[in-house]
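*Asks:* sequence first, predicted model second:
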Amino acid sequence: MSRLGKIARRSFLVGSAAIAGGVVFGTYMYRRPAPNPLLDNLAEGQAALTPYVKIDARGITLITPRADSGQGAYSVQAALIAEELDVDLDQVTVDPGPPDPAYYNTALSTDAAPFAATDDGLIAQSMRGVMDAMIKFLGLQITGGSTTVPDSFDKLRHAGAVARETLKAAAAQQSGVDGARLKTARGAVVLPDGTRLGYVDLAPLAATLDPVTDVALRDSSQWRLLGQAMQRVDVVAKSTGTQRYGIDMELNGMVHATVRTNPRRGGAMLGYDATAARAMRGVLHVLPVTGGVAVVADNTWRAFRAADAIDITWGPAPYPAEMEAHWHAVADSFDAAHRDSRHRDDGDVDAALDGADVITAEYRAPYLAHAPLEPTSATVRVTDSRADVWVGTQIPRFVQTNVARLTGLDARDVHVHVQVMGGSFGHRLEDRSVREATEIAIALKGTPVKLTYSREEDFTHDDTRQIAMARGRGAVQDGQVAALDLSIAMPSVIASQMGRQGLPVPGPDLQIVAGAWDQPLSVPNYRVTGYRTPELAPISSWRAVGASTNGFFHDVFLDELIHAAGADPMAERLRLCWHAPSRKTLEAVAEMSDWGRPLAQGQGRGVAFCLSFGVPTAEVIEVTQTPDGMRIDNVWVAAEVGRVLDPANFENQVQGGIIWALGHAINSEITYSDGMVNQRNYYDSEGMRMSQAPQITVRGLENSDQVRGVGEPMVPPAAAALSNAIFAATGQRIREMPMNRFIDFA
Amino acid sequence: MKLTVNSTDHVLDVEDDMPLLWVLRDALDIKGVKYGCGVAQCGACTVHIDGAAVRSCQVAAADVWGPVTTIEGIGTPDTRHALEEAWITHQVAQCGYCQAGQIMQAADLLQTTPNPTDADIDAAMSGNLCRCGTYSRIRAAIKTAASQMREV
């Protein structure tokens, strides 16, 4: 703790700096004090200023360090800066910027410490502060955890305001007009007589001034951009086929590579015969990479075809070969030796269950692939003096560090150019493909190498969502839920994911119980215990992470108890929920869905609630039993996000989150046989197609003062609401996913 | 072999069995055509041959039976096709990777069915996967474009 305290006292100051012919404004200048042994890991050049606004002769560039994998992150970050800077989005260039420790993600700490998002107490706040210092120290420039908006909301508006006021100071000096009489609009300072002094022209002078840091952020009533539907900065390119993604990279002299690594993940390659492959047209090289072999050819298809022609002998997997053994390992970890956390323990659960009519249930959630539509790719060029990496990634700093380690170059000489991503859902929090491309690029020094995975390689080498089980025990009394005891077991996502980056993660893994232990319910006897299954197959963050499974477990079991009590599912949830903003989401979906409206025979309606990533979310689903199977007709969703910054993108993200959750809940799983993933392409795991997509009605609530992101929080309640609706329609309780193992869906 | 793409003639030296997808992407650098699955499961590679939508990953170069049109051939950022305009109006795209294929499939649908119902749209579009889940916006954009194209 003392080490962390020391770091927290170090200075983060506002600054600006002159660049060739212009100026950069940063909200945080990272100052290097006198000798500090904690800083030895930081390269000298990284102690520089961190720019969010760059103005030079070429124009105005807004730096948006959180990656865009389709969630609209570039647009919302640009809008936050532009709102205060007084520029419009058609006047600026948006650039993700370089990897830099100063682009740390503060908001990630919010869910890293063991305090529920509803706990505003002093201890919780101060603990979040400690985690914040830790993240500054590590320089985690990560996009994830639905943190882009919370992290950026004040920081980027402040950056815009500092730049605006400093440009006004420059204009005052140049024109002799008092700064208080100056206005700003559309990228210019406007003098009282209407003369416009363009930001670009003022930049060289502004760079010589001390930045104006005493700025007040505008009240939301004055916003021009935020709060209204925006045209996303990438929408024209993405609607005309002109958006370039990482997989579209082309460079002079570039070669095309693909890899085959052991489908028994992490197992060795015992040998290979590439005689046939080497003789194929266009094949330039066949060479070993970690865990497998790479083919380099003059186009992608020739590389793919040659890779298929290599005869490879694979070693065994370092985890159980068969799926049954994975489930046994999870089931066997519900014991004291594997207990990981018990952050919720209200009342006296043991006493409440003793002698009661105990209701029990067991739940399962499978491994799942991320499978974003753009297959994994990475382009790397290594020379003696520098490396360049072009890749769609959520972890540019880790990429930089790993490429530096593999090449022996200083991290300062590793240049990561973050590319637009064709989806991620957590997939691009991993960087194996970059390491493989780097190994090939080292062997072919000076030649740019684009590595592209085949869809099959992508599916079978995905670091999947966790496998998980839950066991519920509960009791009801006088028509109410009296006791809820939920035990959850899974391997640790964070340990698996950070382990691949060589980072140990001490202490309990809160993701094992996320979306369950932290729910704002006043069940009198209420306990949630997490159990850590020893590592099995590699797993990683999949949209909503722990809550993606736990939201299902927790709310379906609650629904079972409510039905056992003979209570109304909506009324009893409202009675149990003590958190006013959360109650409002339930009230909203009750109203939107006309809860209580009589349904026809074969129809059913279910509600579920989950608070995850700080966002209380309630969903109601209606289903109909048809001759073709169960049809999901309607979804109503209400989410408390503090402030809806772009209603159009908000609705799109929310609807997408629901489609994601329901498609996987009914149709998809990843299983292992002989140590290998069985599902090789979308025909084995297709998520949801248009013909199954329900009508989704969305409402964003703004009752909280904390602005939140919505990339993930829509996912946890969706499968639960569906299971609850199917129970209401048929009396059949589905406790496992994918649900199409139990019923047919239309 | 000879290939006409977006009204331009090309002479190419590629294998007969090289999929049109890779001829377009790697030999001709036409990158609006996307690789998603390679097995006609996702529709990201959808182009038109003789005006009809096909999965270019499943058409061998030697089997191309007519002129090829890709997303680049139906409109540009400055001169947009009605579907592209509707896609922008409805802010359809999230990651956007599937959307060129969606638009090419929708263009085929509107040629044969100028006033499609929801059922028509679902039937025509369910071979095109969108992992981001933009389906409701795709439906809306197709209807907007259909109505606009009928007026012209």
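*Replies:* Noted; the coordinates are in hand.
*Asks:* residues in contact with the most centrally placed residue in chain B?
*Replies:* For chain B, B:Met104 is the residue whose C-alpha lies nearest the centre (C-alpha atoms, centre = their mean; 2.5 Å). Neighbour list for B:Met104: B:46-48, B:53, B:69-71, B:74 [criterion: C-beta atoms under 8 Å, 6 or more residues apart in numbering or on different chains]. C-betas here are computed from N, CA, C, even on glycine.
*Asks:* tell me the confidence at it?
*Replies:* B:Met104 carries a pLDDT score of 98 in this model.
*Asks:* how about A:Val545, nearest residue that isn't a chain neighbour?
*Replies:* Nearest residue to A:Val545, sequence neighbours excluded (C-beta to C-beta, 6 or more residues apart in numbering or on different chains): A:Gln511, at 5.1 Å.
*Asks:* my guess is that neighbour contacts A:Gly546. True?
*Replies:* Yes. A:Gln511 is within contact range of A:Gly546, at 3.3 Å (criterion: C-beta atoms under 8 Å).
*Asks:* all helices for chain B, in order.
*Replies:* Taking DSSP state H, the helices of chain B run over residues B:20-22, B:71-74, B:82-89, B:99-112, B:118-125, B:135-151.
*Asks:* wait, does stretch B:13-22 contact chain A?
*Replies:* Yes. Stretch B:13-22 reaches chain A (C-beta under 8 Å from any C-beta of the partner chain) through B:15, B:18-19, B:22.
*Asks:* which one of those has the most neighbours?
*Replies:* In terms of neighbour count, B:Trp22 stands highest of these at 26 neighbours, by other C-beta atoms under 10 Å in any protein chain shown.
*Asks:* helix, strand, or coil at the nearest residue to that residue once chain neighbours are set aside?
*Replies:* Spatially, and ignoring its direct neighbours in sequence, B:Trp22 is nearest to A:Trp301 (3.8 Å; C-beta to C-beta, 6+ apart). Per DSSP: H, G, I helix; E, B strand; the rest coil, the local secondary structure of A:Trp301 is helix.
*Asks:* tell me the contacts of A:Trp301?
*Replies:* Per C-beta under 8 Å, 6+ apart, neighbours of A:Trp301: B:18-19, B:22, B:26.
*Asks:* which of the residues you listed sit farthest apart?
*Replies:* B:Pro19 and B:Asp26 (10.3 Å; C-beta to C-beta).
*Asks:* where are the low-confidence patches of chain B?
*Replies:* Within chain B, not a single segment meets pLDDT under 70.
*Asks:* so which of the contacts of B:Met104 also contact chain A?
*Replies:* B:70-71.
*Asks:* among the contacts of B:Met104, which lie within strands?
*Replies:* Among the contacts of B:Met104, the members falling in strands (DSSP state E) are B:46-48, B:53, B:69.
*Asks:* most neighbours among the residues you listed, which one?
*Replies:* Highest neighbour count within those: B:Thr46, with 30 neighbours (other C-beta under 10 Å).
*Asks:* just to check, that one is in contact with B:Gly101?
*Replies:* Yes. With contacts counted by C-beta under 8 Å, B:Thr46 reaches B:Gly101, the gap being 4.0 Å.
*Asks:* I'd like the next helix or strand past whichever helix or strand A:Ala483 is part of.
*Replies:* Per DSSP states H and E: A:Ala483 is located in strand A:480-491. Note on strand A:480-491: by DSSP H and E, the next helix or strand toward the C-terminus is helix A:493-499.
*Asks:* and A:Leu451, what are its bridge partners?
*Replies:* With DSSP bridges as the criterion, A:Leu451 is bridged to A:Ala257, A:Ala378.
*Asks:* quick check: it vs A:Pro372, distance?
*Replies:* According to C-beta to C-beta, to the nearest Å, A:Leu451 stands 16 Å off from A:Pro372.
*Asks:* so between the two, which is more surrounded?
*Replies:* For A:Leu451 versus A:Pro372, neighbours defined as other C-beta under 10 Å are more numerous around A:Leu451 (30 against 25).
*Asks:* residue closest to the middle of chain A?
*Replies:* A:Gly144 (3.1 Å).
*Asks:* is it true that that one touches A:Ser424?
*Replies:* No. Between A:Gly144 and A:Ser424 there is no contact under C-beta under 8 Å: 9.1 Å.
*Asks:* what do these two both touch?
*Replies:* Common neighbours of A:Gly144 and A:Ser424 (C-beta under 8 Å, 6+ apart) are A:Gln394.
*Asks:* returning to that earlier point: want to throw the helices of chain B into JSON lines with distance to A:Gly227?
*Replies:* Shown next, in JSON lines, are those (distance: least, C-beta to C-beta, whole Å):
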{"stretch": "helix B:20-22", "distance to A:Gly227": "42"}
{"stretch": "helix B:71-74", "distance to A:Gly227": "33"}
{"stretch": "helix B:82-89", "distance to A:Gly227": "20"}
{"stretch": "helix B:99-112", "distance to A:Gly227": "26"}
{"stretch": "helix B:118-125", "distance to A:Gly227": "32"}
{"stretch": "helix B:135-151", "distance to A:Gly227": "21"}
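*Asks:* of these, flag the one that's most buried.
*Replies:* Mean neighbours per residue, mean count of other C-beta atoms under 10 Å in any protein chain shown, is largest over these for helix B:20-22, with a mean of 26.
*Asks:* what's next to that one, contact-wise?
*Replies:* Contacts with helix B:20-22, where a contact means C-beta under 8 Å, 6+ apart, come from A:299-301, B:33, B:35, B:38, B:45, B:47, B:56-57, B:59-61, B:64, B:68.
*Asks:* may I ask you to confirm that A:Val620 belongs to a strand?
*Replies:* Yes. Using three-state DSSP, the secondary structure at A:Val620 is a strand.
*Asks:* so who does it touch?
*Replies:* A:589-590, A:592-593, A:595, A:605-607, A:634-637, A:721.
*Asks:* kindly recompute the last result at 10 Å.
*Replies:* A:Val620 is in contact with A:569-570, A:586, A:588-590, A:592-595, A:605-608, A:634-638, A:697, A:717, A:721, A:724-725, counting by C-beta atoms under 10 Å, 6 or more residues apart in numbering or on different chains.
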